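J.: A predicted structure for the sequence below; I have some questions about it.
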Amino acid sequence: MPVKNSLAEMQPEISEWRHDFHRYPELRFDLPRTTARVVALLTEFGVDDIIEGVGTSGVVAVIKGRSTASGKVIGFRADMDALPITELAQHDYVSTESGKMHACGHDGHTSILLGAAKYLSETRNFDGTVVLAFQPAEEGGGGARAMVSDGLMDRWDIQEIYGLHNMPDLPVGTFAIRPGPLLAASDFFEVTVQGRGGHGAMPHSAKDTTLASAAIVMALQQIVAREVPALGAAVVSVTGIQTDTMAHNVIPGSAKLTGTARFLDLSIQQSVVKRMGEVIAGTAAVYGCEASFDYEYGVPVTENHHECTEYAIKAAKTVVGAQHVATDIDPLMGGEDFSEMLEERPGAFIFLGNGNSASLHHAEYNFNDDAIPAGCSWFVELAEQRMPT
Ligand SMILES: [Zn+2]
Ligand SMILES: [Zn+2]
């Protein structure tokens, strides 16, 4: 693999950093150990500035090039948080915390960006400034938004921003990307169905919330099937049903449905959300029940900017060769809060092959250390290619 030679040599060291993060996973904004380690390593590398507590517990580091005359400032982002999952993987650095695990590979992303930081602060072979953003709370906590709201883009004059995510089943040493929408807007909803409880043997005297809930689940599926254009992308998943009693002989008086909806297109999102409200209310009424519908807009679409996608592709091709870079993959319906940063500045997000592994968020998942040199080199190439000396 034509990665930077010294980065290939650094793989064991960078893997050690990752294994340490992996052993001690932390959740959301609560990352005292992780951020302390990030800051200690950045200090050791001799970066020009380290700012802690950005967006609660984010860490920003600044590396100036040999010259900064170009005035260019490029941002690189990595996420640091783990997931509330108990690890089932078998290796010698498994999580020491029951109920916490790096099951999305953010231990790998953080280590990769640290590896790039070490290389860049040693070589400084660019004309401009690199700003590193180590982000908390990617997994549903709004960490990217918190850093942006705390002035990430303006305080450090970031002009473009890039990030990566590992991807299981994509071969190690390969990249994949597309211009435009790459990942979906990810929203969440909750429906509360209110009826009248009663005896399981006398349903005529009750307003059956279980039956109404089942009908709502079925009816919601028809919105995507019959009302979204066939080539439009939308997902409506009801993921849970809970009634206020689970007795064999009691018709419950209320029931709750939870779920998620995903979109790549804002107009489809608007029309589906409107129809969800109508379908839920109408279906509940058929069964003599009432329903409330709470819809929470989550992260926006991860929209790769076209020019920056070209830069990301060029850097990836330099690192692994053109034949190992897929440049027009299908979008995925997963969500990623790097989208919040792409709403502020042009940039791009790329997938890095994790090889054969369990899927993201699976208890047996593990980040693949062999992906580290390519990931580090991609960031380094971007810095050097976008800000040539
Ligand atoms: Zn994740
Ligand atoms: Zn992730």
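T.: That came through fine. Ligands and ions are numbered 1, 2, ... in the order given.
J.: count the neighbours of G197 for me.
T.: Neighbour count of G197, defined by other Cβ atoms under 10 Å: 17. In short, each C-beta sits where N, CA and C put it, glycine included.
J.: isn't it up against A255?
T.: No. Judged on Cβ atoms under 8 Å, G197 makes no contact with A255 at a distance of 10.4 Å.
J.: need the overlap of contacts for those two.
T.: Residues within reach of G197 and of A255 at once, by Cβ atoms under 8 Å, 6 or more residues apart in numbering, are T209, D244.
J.: what does the lengthiest helix in the chain rub up against?
T.: Ranked by residue count, the top helix of the chain under DSSP state H comes out as helix 266-286. With Cβ under 8 Å, 6+ apart as the contact definition, helix 266-286 has outside contacts at 185, 187, 189, 191, 193, 212, 215-216, 219-220, 222-224, 227-229, 232-234, 236, 261, 263, 290-291, 293, 295, 301.
J.: and that helix, which residues are buried?
T.: Within helix 266-286, the residues that count as buried by 16 or more other Cβ atoms under 10 Å are 268-269, 271-273, 275-277, 279-281, 283-284.
J.: for stretch 113-132, same thing?
T.: Buried-residue list, stretch 113-132, by 16+ other Cβ under 10 Å: 113-121, 123-124, 126-132.
J.: then stretch 90-98?
T.: For stretch 90-98, by 16+ other Cβ under 10 Å, it's Y93, S95.
J.: three-state assignment of the spatially most central residue of the chain?
T.: Using Cα atoms, centre = their mean, the residue of the chain that lies closest to the mean C-alpha position is E336, 3.0 Å off. On the three-state scheme (DSSP: H, G, I helix; E, B strand; the rest coil), E336 is labelled coil.
J.: list the contacts for it?
T.: Contacts for E336 (Cβ under 8 Å, 6+ apart) come out as E138, H165, L183, V299, T302, F349.
J.: and if we set it to 10 Å?
T.: Residues near E336 by Cβ atoms under 10 Å, 6 or more residues apart in numbering: 79, 104, 138, 144, 163, 165, 182-184, 186, 299-302, 342, 349.
J.: who does the helix or strand of the chain with the lowest mean pLDDT touch, helix- and strand-wise?
T.: Counting by mean pLDDT, DSSP states H and E, the chain has its least confident helix or strand at helix 5-9, which shows a mean of 86. On a contact count with 3 or more Cβ pairs under 10 Å, 6 or more residues apart in numbering; DSSP states H and E, helix 5-9 meets helix 106-123, helix 372-386.
J.: can I get the last one in PDB, CA atoms only?
T.: Coordinates of the C-alpha atoms in helix 372-386 are reproduced here as PDB (Å, rounded to 0.1, in the frame of the first residue of the first chain):
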ATOM      1  CA  ILE A 372      -4.900   3.000  10.200                       C
ATOM      2  CA  PRO A 373      -2.100   3.800   7.700                       C
ATOM      3  CA  ALA A 374      -4.500   4.500   4.900                       C
ATOM      4  CA  GLY A 375      -6.700   6.700   7.100                       C
ATOM      5  CA  CYS A 376      -3.800   8.700   8.500                       C
ATOM      6  CA  SER A 377      -2.300   9.100   5.000                       C
ATOM      7  CA  TRP A 378      -5.600  10.400   3.600                       C
ATOM      8  CA  PHE A 379      -5.700  13.300   6.100                       C
ATOM      9  CA  VAL A 380      -2.000  14.000   5.500                       C
ATOM     10  CA  GLU A 381      -2.400  14.000   1.700                       C
ATOM     11  CA  LEU A 382      -5.400  16.300   2.000                       C
ATOM     12  CA  ALA A 383      -3.400  18.800   4.000                       C
ATOM     13  CA  GLU A 384      -0.400  18.700   1.700                       C
ATOM     14  CA  GLN A 385      -2.400  18.700  -1.500                       C
ATOM     15  CA  ARG A 386      -4.900  21.400  -0.500                       C
END
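J.: ok, Y297 - how many residues close by?
T.: Residues lying near Y297 (other Cβ under 10 Å) number 12.
J.: separation between it and F263?
T.: Counting by Cβ to Cβ, to the nearest Å, the gap from Y297 to F263 is 10 Å.
J.: list residues touching both of the two?
T.: A185, S186, D187, Q269, V273.
J.: just these now: which is nearest V172?
T.: Proximity of the shared contacts of Y297 and F263 to V172 (Cβ to Cβ) peaks at S186, which lies at 27.1 Å.
J.: gap between G142 and L120?
T.: When G142 is compared with L120 (using Cβ to Cβ), they lie 29 Å apart.
J.: ok so, going back, nearest to L360 among the shared contacts of Y297 and F263?
T.: Using Cβ to Cβ, S186 comes nearest to L360 of the shared contacts of Y297 and F263, at 13.7 Å.
J.: list the contacts of that closest one.
T.: S186 makes contacts with 140, 235, 260-263, 297-302, 333-337, 339, as judged by Cβ under 10 Å, 6+ apart.
J.: make a ChimeraX selection of the buried ones in those residues.
T.: If you want just the buried ones from the contacts of S186 in ChimeraX, going by 16+ other Cβ under 10 Å, the selection is:
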select :140,235,260,261,262,263,298,299,300,301,302,333,335,336,337,339
